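Enquirer: Sequence first, then the predicted structure, then my questions.
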Amino acid sequence: MSKEPADLKHSIQVEIARLVQFALSHHLLEEWDAVPATNALLELLNVSEPLAETLPDEHQDSAVDILANIMDYALSVGILSENNLTQRDLLDAKIMGLLLPRQSEVIRRFWQTAEAESIEKATNDYYQFSIDSNYIHMDRIRKNEYWQTPTDYGKLEITVNLSKPEKDPKEIAMERSLPQSNYPKCLLCFENVGYAGRLNHPARQNHRVIPLKLDKGNWFLQYSPYVYYNEHSIVFCSEHIPMQISEHTFTRLLDFVEQFPHYFVGSNADLPIVGGSILNHDHFQGGHHSFPMEKAPVEVSFTHSGFPEVQGGIVKWPMSVIRISSPNRQALVKLATQVYACWQAYSDPSVDILSHTLQDANSIPHNTITPIARINTNGQFEFDLVLRNNRTTAQHPFGLFHPHQELHHIKKENIGLIEVMGLAVLPGRLKEELAQITLILTGELSFDAQITENPQHVLYKHADWIKELLNKYGTNQSRKAVEFCLQNEIGYKFLNVLLDAGVYKRDSFGADAFLSFMDHSGFKAI
């Protein structure tokens, strides 16, 4: 039953008061900010006056429920024209933007905390601020499914991404009808800070970033709004310039971990297919998380005569990874740059590695790397250099060193930095698809022609895999047992994804070819 106007007015006054109380208790506002913030909310929501009575003290870990009530009110009085996620998010960010300190104040607090206490305390506070402001939607991120799968290469991490709800057809149609805009130029540009957003670009009034100096250049630190791991950070250039791996990249990565020794940082490769989703704005990703690749041991150790202070090794990992570490950061940057230059020009047709091919009389480069930097447990600077190649063939049009066709029902997208390090980010569609496969393996759902012969069926793309699972597990297990088996099977699929993406295969031919490249690069096995 709808509320009477007086009840509706009182209810929104209560929610405004609760939201201001939340902002005060979480240090988004200070005492003297409460009245102007309340007035700004009254204006935005077309409410004539604030709540007359004083609210009792209430502890709220999150503003999500309060904001949901305000969104419902906004819909009921016509402030929201449509009840869809995009419009609710646009208003949500606008509301929270009224309760936040200015960009300069956030910066000042961050560096004051870093100097007075520690850089780790500064990032902890900044991360919590990004959650409290609802820039990071933790309520959605908690919906992601996560598990680990034991393999010969350690425990791989798997997450099914349920935190980015799909837009409905009406929203998509509205987006297509919008005029094109070039502001901000992309989702990473500094101009996103405070931006109101639009139907096809997220609002960022509740967004603040931290300026950094990397290799004497201006960069910024922020958190990803959809964190895939603890304190998932994005470090982006102040200029909208394309991704490019170079000596400057290695210097910047070590500059970052020297300033933030509790974080790792890495760069996606700078070529299509093996790169990330945003190649037009130079950026890194980092955070406070130990990935499976970091935990993987070195299986062959090396020295380099030109860099006696550097330890080298091939990592036991499904992809092709060179690990180099040293207390001497200048030597490490020089060696990383040298290895990269060697790899860019290196070909070995015996294992299908071609550094360049001709296309319309143009030489197209294919070799690049995915570099990751950290301070290791010995307190030394460390790089993991993951060798990449983006060549396509008639047999593998999506990429020779990319998930092959038989794995596309699970993972078809680029294998970027996060996946390279051992965390699979899988599409949300899998949740429902796996639920139906579970019913097949418990005998509750028939595996018949409706699935195997109907390309429109959601399980059609999984048909061959389901046959394999039925042969392996039958149909007599409990749901719990089947769900456990499916998680492991997904993990094994991800392992095969990484094996496909590795330029040197995990067999004797691949191992010998990898050693040949190490020798070509000046390394000697010990």
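Expert: Happy to help now that I have it. If you're wondering where the values come from, they're calculated on a predicted model, not measured in any experiment.
Enquirer: I'd like to know how far Gly313 sits from His27.
Expert: 45 Å (Cβ to Cβ, to the nearest Å). Every residue, glycine included, has its C-beta placed from N, CA and C.
Enquirer: if you count what's nearby, which of these two comes out ahead?
Expert: Neighbours were counted for Gly313 and for His27 using other Cβ atoms under 10 Å; Gly313 has more, 21 against 13.
Enquirer: would you list every one of the helices in the stretch 1-150 of the chain?
Expert: With helices called from DSSP state H, counting those that start in this stretch, the stretch 1-150 of the chain shows them at 5-25, 34-44, 64-76, 85-97, 103-116, 119-132, 138-141.
Enquirer: By mean pLDDT, which helix or strand of the chain comes out lowest?
Expert: None of the helices or strands of the chain scores lower by mean pLDDT, DSSP states H and E than helix 169-176, at a mean of 60.
Enquirer: Now the helix or strand following that helix: buried residues?
Expert: Next in sequence after helix 169-176, counting helices and strands by DSSP states H and E, comes strand 210-214. Neighbour counts over strand 210-214 (16 or more other Cβ atoms under 10 Å) mark 210, 212, 214 as buried.
Enquirer: What's the first helix or strand after strand 210-214?
Expert: strand 217-223.
Enquirer: got the angle for that next one vs helix 119-132?
Expert: Inter-element angle recorded for strand 217-223 and helix 119-132: 60 degrees (by axes from the mean of the first three to the mean of the last three Cα atoms, to 10 degrees).
Enquirer: Report the distance from strand 217-223 to the chain centre.
Expert: A distance of 16 Å separates the centroid of the chain from that of strand 217-223, by Cα atoms, centre = their mean, to the nearest Å.
Enquirer: strands paired with the next helix or strand after it, and their directions?
Expert: Next in sequence after strand 217-223, counting helices and strands by DSSP H and E, comes strand 233-237. Sheet pairing of strand 233-237 (DSSP bridges) gives strand 217-223 (antiparallel), strand 283-287 (antiparallel).
Enquirer: I'd like the ones you listed written out as a markdown table, with mean neighbour count, distance to Leu19 and mean pLDDT added.
Expert: Shown next, in a markdown table, are these (neighbours: other Cβ atoms under 10 Å; distance: least, Cβ to Cβ, whole Å; pLDDT from 0 to 100):
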| stretch | mean neighbour count | distance to Leu19 | mean pLDDT |
| --- | --- | --- | --- |
| strand 217-223 | 19 | 22 | 98 |
| strand 283-287 | 23 | 29 | 98 |
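Enquirer: Please identify which of the ones you listed is closest to Leu188.
Expert: Distance to Leu188, taken as Cβ to Cβ, is lowest for strand 283-287 among the strands paired with strand 233-237, at 5.6 Å.
Enquirer: got the contact list for stretch 519-526?
Expert: Identification of contacts with stretch 519-526 by Cβ atoms under 8 Å, 6 or more residues apart in numbering yields 300-306, 312, 338-339, 342-343, 346, 515, 518.
Enquirer: which of those are buried?
Expert: Among the contacts of stretch 519-526, those scoring as buried are 300, 302, 304, 312, 338-339, 343, 346, 515, 518 (criterion: 16+ other Cβ under 10 Å).
Enquirer: Which members of those residues occur in strands, if any?
Expert: Within the buried ones among the contacts of stretch 519-526, residues falling in strands by DSSP state E are 300, 302, 304, 312.
Enquirer: nearest to Val64, of these?
Expert: Proximity of these to Val64 was ranked by Cβ to Cβ; the top entry is Gly312 with 48.1 Å.
Enquirer: if we can go back for a sec, would you point out the most distant pair within the buried ones among the contacts of stretch 519-526?
Expert: Pairwise distances across these (Cβ to Cβ) peak at 19.1 Å, for the pair Val300 and Gln338.
Enquirer: Can I get the host helix or strand of Glu468 as PDB, trimmed to CA atoms?
Expert: Glu468 is part of helix 463-473 when elements are defined by DSSP H and E. Output in PDB follows, covering the C-alpha atoms of helix 463-473 (Å, rounded to 0.1, in the frame of the first residue of the first chain):
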ATOM      1  CA  ALA A 463      27.100 -30.100 -24.800                       C
ATOM      2  CA  ASP A 464      30.400 -31.800 -25.500                       C
ATOM      3  CA  TRP A 465      31.600 -31.000 -22.000                       C
ATOM      4  CA  ILE A 466      28.400 -32.300 -20.400                       C
ATOM      5  CA  LYS A 467      28.900 -35.600 -22.300                       C
ATOM      6  CA  GLU A 468      32.500 -35.800 -20.800                       C
ATOM      7  CA  LEU A 469      31.100 -35.000 -17.300                       C
ATOM      8  CA  LEU A 470      28.400 -37.700 -17.600                       C
ATOM      9  CA  ASN A 471      30.900 -40.300 -18.600                       C
ATOM     10  CA  LYS A 472      33.200 -39.300 -15.700                       C
ATOM     11  CA  TYR A 473      30.700 -38.800 -12.900                       C
END
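Enquirer: Wasn't Ile158 part of a helix?
Expert: No: when classified by DSSP: H, G, I helix; E, B strand; the rest coil, Ile158 is found to be strand rather than part of a helix.
Enquirer: Which strand residues bridge it?
Expert: Trp147, Ala424.
Enquirer: residues contacting it?
Expert: Going by Cβ under 8 Å, 6+ apart, Ile158 touches 146-149, 423-424, 426, 487, 490-491, 494.
Enquirer: can you tell me the distance between the two ends of stretch 286-300?
Expert: For stretch 286-300, the first and last residues are 27 Å from each other (Cα to Cα, to the nearest Å).
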